[in-house]
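K.L.:
Provided below for reference: sequence and predicted model.
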Amino acid sequence: MLEIKDLHVSIDGKEIIKGVNLKVEKGKIHAIMGPNGSGKSTLANVLMGHPKYKVEKGSITFDGKNVLVMTPDQRAKAGMFLAFQYPVEVAGVSLFNFLRAAYNSINNGHAKNIEKEVISVLDFQKLLKEKVKLLQMDESFIYRHLNEGFSGGEKKRVEILQLAVLNPKIAILDETDSGLDIDSVKIVANGVNDLKGTDMGVLLITHYQRILKYIKPDYVHVMINGKIVKSGGEDLAEQLEQKGYDWIKEGIE
Amino acid sequence: MKEFRTKAFEKFSTMPIENSQIFKKNTFFFTFGLDKIRAEDLVNGKSTVDKKLDLEAYVIQSGFTTVLHLSDDLKKKGVILKNINDAIKEDENLVKEFFTNKNREIDKMTMFNDAFFNSGFFFYVPKNVELEIPLFILNLNKTKVQVAKNLILVDEKSMVDIIKEDYSETQDESVVSENFEVMIKDDSQVTLSNLQMLNQNVLSIGNYNVYCGKESKIFLNMGNFGGSKIRSRVNSFLIGDGSSAEDLEVGFGNQRQNFDIYSSLNHIGKFTIGKVLSKGIFKDKSMGLLKGMIKIDEDAKNANSILSEHSLLLSQDAKADAIPGLEIKTNEVKATHSASVAPLDEEKIFYIMSRGLSMDEAKKQIVFGFFAPVIERVNSEEMKIKLQDVIELKWMNKEISSELSKKIFDVRKQSERKIESDIFGTHYKYR
């Protein structure tokens, strides 16, 4: 489904990703772990088309289509979703109106039928309230301005709420667990697991092993200094938890 | 009157365009284009107005022509609405106060208005009268020069809303100068809303002075959208103890428009509350200056004043500045100000686009979100809807005057056919 081949990425002339290869299939969960500054978040942003990063070499394809020529909104319409590490505050725009606009835009994109309004205000309200309950959030959230004045944990939950509502083919979760207390990690993980049955592929970028207790990965990759240096199964995450990253670093050298 | 005008003319000729030292270097209007006015334009401004509105109280101004309508019901209550020249002759005791007002802020452009005004109205609301329907002022710019002076006197324990809309019916270069003097007596409340939607060849000059008596309230909802050069001065004088003012300013510039928007809060009485929220968005090659001033007098103990001016730039060629000023002459007051000018945030655009919205839609979300906190505060439902309408048109780069004045014609036709629902009729029932 998502295929990354020999990807090289730079920012302001400095190379950050130095040849990444990765394949994410339908319904599979891939975890990418690695120390700070290894290029994990850069990978997430590049996949979604952040204008700041420059792809120097390599390719990204999604369902056989060249992602690199697509704008971020086209990628979203193709079925890609990024849960941000630092969700942005958009003053004066209610979560409800924003998500409804996004929902309509993405689903029109799928159906290629612009004439048709995909969902009525009432139906959308119902859908949103269901998902809010799933993430154990207060209903009042949906009428508040997007991320404005939300706590770090609330912002992360809202990211997963958006994921649940927009129902993409692949979800890229960029450090969704960082800054969350253990209860919130469980809630967020439940939200993701709930969607897994829908063939959604997941690229889970994380620092810590703890979220992997609740979201069971099919594959674990270790990224260091812009490269995936080791891949394995669930047990690799446990090894990392015990031995840290130095063990792998030494192995490379 | 002749003496009043002569003195004003002298001051107009000698005064600098900007009095305050703080703002002196920040003004666009060095030349201002007033030199293009010929003497005959100042006396030949007759215009025909053949419009009627199905409202209890309205004014249609065009050139030097002022058409007025007041229902018999309101006349019986003692409300007065008449041409300014008639009022000066017939209601001297009521009008006198305006011409001897020591609190009034004088600048070059008010002096221009004093010297040359040749149209306008006087509106009087007597004690204990609450007007359920706003006074509607329709300004149709189609002559070369329009200089209007409007006096509003609201006596004690009364309440009134005033809504003004400015449209152009010409694409020619012209000058529209307006001076509103609003006097609010004790325990009264006035809401004054203004939508300036003139064409982009008009020099738009607005001078609004509001004087508040004890425990009185003024709400100002000011939207500046049209004009080539726009100079707006809104001064709230909180004279009576416990009086309050809330001044909301919204400006949206595109093409080569220049905005110079000034708001001041003048705390004179004790326990007065003032608030200015000013927001501007500038596109293309437009420029905006948002100026603000808090003045607190020696005797204005326990004054509470907030001044906030924020601009968003939508293009690299657009420019803006926010300049807040404070003059505080006593302790025991609270005064805060905030100001910012920022370009569109790339991270915000990326975030919104990553949810499937196009670049254009993402920017639109940010623009509407930027204005939303001000629009939410507007205390007139009709004004809220109209502001959103105009911002939408402005966003689409449409000529707002021609787009919206068409609707006004539709309303007129509807009322001639005696169809009940029209945009004014329905919206006015909100209160």
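P.N.:
Right, received. Where do you want to start?

K.L.:
for the longest helix along chain B, packing partners?
P.N.:
Across chain B, the longest stretch assigned as helix under DSSP state H is helix B:359-377. Helix B:359-377 is packed against helix A:95-111, strand B:244-253, strand B:273-282, strand B:304-313, helix B:346-353, helix B:381-395, with contacts defined by 3 or more CB pairs under 8 Å, 6 or more residues apart in numbering or on different chains; DSSP states H and E. All C-beta atoms are positioned from the backbone trio N, CA, C, and that covers glycine.

K.L.:
how does it look with 7 Å?
P.N.:
Secondary-structure packing of helix B:359-377 (3 or more CB pairs under 7 Å, 6 or more residues apart in numbering or on different chains; DSSP states H and E): strand B:244-253, strand B:273-282, helix B:346-353, helix B:381-395.

K.L.:
Now find how far off-centre it is within its chain.
P.N.:
In terms of CA atoms, centre = their mean, to the nearest Å, the centre of helix B:359-377 is found 22 Å from the chain centre.

K.L.:
For that helix, buried residues please.
P.N.:
Within helix B:359-377, the residues that count as buried by 16 or more other CB atoms under 10 Å in any protein chain shown are B:361-375.

K.L.:
dump the residue contacts of the nearest residue to residue B:286 once chain neighbours are set aside.
P.N.:
Closest residue in space to residue B:286, ignoring its immediate chain neighbours: residue B:253 at 3.2 Å, by CB to CB, 6 or more residues apart in numbering or on different chains. Residue B:253 makes contact with B:259, B:282, B:283, B:286, B:288, according to CB atoms under 7 Å, 6 or more residues apart in numbering or on different chains.

K.L.:
Between all of those residues, which two are separated the most?
P.N.:
Pairwise distances across the contacts of residue B:253 (CB to CB) peak at 11.8 Å, for the pair B:259 and B:283.

K.L.:
neighbour-wise, which of those two wins?
P.N.:
Of the pair residue B:259 and residue B:283, residue B:259 is the one with more neighbours under other CB atoms under 10 Å in any protein chain shown, namely 26 against 21.

K.L.:
Confirm that one sits in a helix?
P.N.:
No. Under DSSP: H, G, I helix; E, B strand; the rest coil, residue B:259 falls outside any helix and is assigned strand.

K.L.:
you'd agree it is up against residue B:250?
P.N.:
No. With contact defined as CB atoms under 7 Å, residue B:259 does not reach residue B:250; the gap is 10.9 Å.

K.L.:
Flag the shaky bits of the stretch 51-200 of chain B, pLDDT-wise.
P.N.:
Scanning the stretch 51-200 of chain B for pLDDT under 70 picks out nothing.

K.L.:
Packing partners of the helix or strand hosting residue A:205?
P.N.:
Counting by DSSP states H and E, the element that carries residue A:205 is strand A:201-206. Using 3+ CB pairs under 7 Å, 6+ apart, the elements in contact with strand A:201-206 are strand A:29-33, helix A:40-48, strand A:170-174.

K.L.:
make it 10 Å
P.N.:
strand A:2-11, strand A:14-24, strand A:29-33, helix A:40-48, strand A:80-83, strand A:170-174, helix A:182-196, strand A:219-224 (3 or more CB pairs under 10 Å, 6 or more residues apart in numbering or on different chains; DSSP states H and E).

K.L.:
would TSV of the ones you listed with mean pLDDT, distance to residue B:201 and mean neighbour count be doable?
P.N.:
Below are the helices and strands packed on strand A:201-206 laid out as TSV (pLDDT from 0 to 100; distance: least, CB to CB, whole Å; neighbours: other CB atoms under 10 Å in any protein chain shown):
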stretch	mean pLDDT	distance to residue B:201	mean neighbour count
strand A:2-11	96	46	18
strand A:14-24	95	51	17
strand A:29-33	94	59	24
helix A:40-48	96	45	23
strand A:80-83	97	47	26
strand A:170-174	96	51	26
helix A:182-196	87	56	18
strand A:219-224	94	60	22
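
K.L.:
I'd like those as JSON lines, with distance to chain B appended.
P.N.:
As requested, those are exported to JSON lines (distance: least, CB to the nearest CB, whole Å):
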{"stretch": "strand A:2-11", "distance to chain B": "13"}
{"stretch": "strand A:14-24", "distance to chain B": "17"}
{"stretch": "strand A:29-33", "distance to chain B": "19"}
{"stretch": "helix A:40-48", "distance to chain B": "5"}
{"stretch": "strand A:80-83", "distance to chain B": "5"}
{"stretch": "strand A:170-174", "distance to chain B": "10"}
{"stretch": "helix A:182-196", "distance to chain B": "16"}
{"stretch": "strand A:219-224", "distance to chain B": "21"}
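
K.L.:
From residue B:374, how far out is the nearest residue to residue B:313 once chain neighbours are set aside?
P.N.:
Counting by CB to CB, 6+ apart, residue B:343 is the residue found nearest to residue B:313 once chain neighbours are left out, at 4.8 Å. Counting by CB to CB, to the nearest Å, the gap from residue B:343 to residue B:374 is 20 Å.

K.L.:
re earlier: next, the angle strand A:170-174 makes with the strand holding residue A:205.
P.N.:
Our comparison of strand A:201-206 with strand A:170-174, counting by axes from the mean of the first three to the mean of the last three CA atoms, to 10 degrees, yields an angle of 0 degrees.

K.L.:
What is the neighbour count of residue A:200?
P.N.:
Around residue A:200 there are 21 residues (other CB under 10 Å).

K.L.:
re the thing from before, please save the CA atoms from the strand holding residue A:205 in CSV.
P.N.:
Output in CSV follows, covering the C-alpha atoms of strand A:201-206 (Å, rounded to 0.1, in the frame of the first residue of the first chain):
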residue,chain,number,x,y,z
GLY,A,201,-2.4,0.5,8.0
VAL,A,202,-0.5,2.2,10.8
LEU,A,203,2.9,3.8,11.0
LEU,A,204,3.5,4.4,14.6
ILE,A,205,6.4,6.6,15.4
THR,A,206,7.4,6.5,19.1
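
K.L.:
That strand pairs with which strands, parallel or anti?
P.N.:
Sheet partners assigned to strand A:201-206 using DSSP bridges are listed as strand A:29-33 (parallel), strand A:170-174 (parallel).

K.L.:
since we're on the residue of chain A found nearest chain B, how many residues are nearby?
P.N.:
Of all residues in chain A, residue A:92 sits closest to chain B, at 3.1 Å by CB to the nearest CB. Applying other CB under 10 Å, we find 19 other residues in the vicinity of residue A:92.

K.L.:
these two touch, right, it and residue B:388?
P.N.:
No. Between residue A:92 and residue B:388 there is no contact under CB atoms under 10 Å: 12.0 Å.

K.L.:
re earlier: check contacts around the residue of chain A closest to chain B.
P.N.:
Residues near residue A:92 by CB atoms under 10 Å, 6 or more residues apart in numbering or on different chains: A:145-146, A:148, B:365-376.

K.L.:
Show me which pair in these is furthest apart.
P.N.:
Most distant of those, by CB to CB, are A:146 and B:374, 17.8 Å apart.
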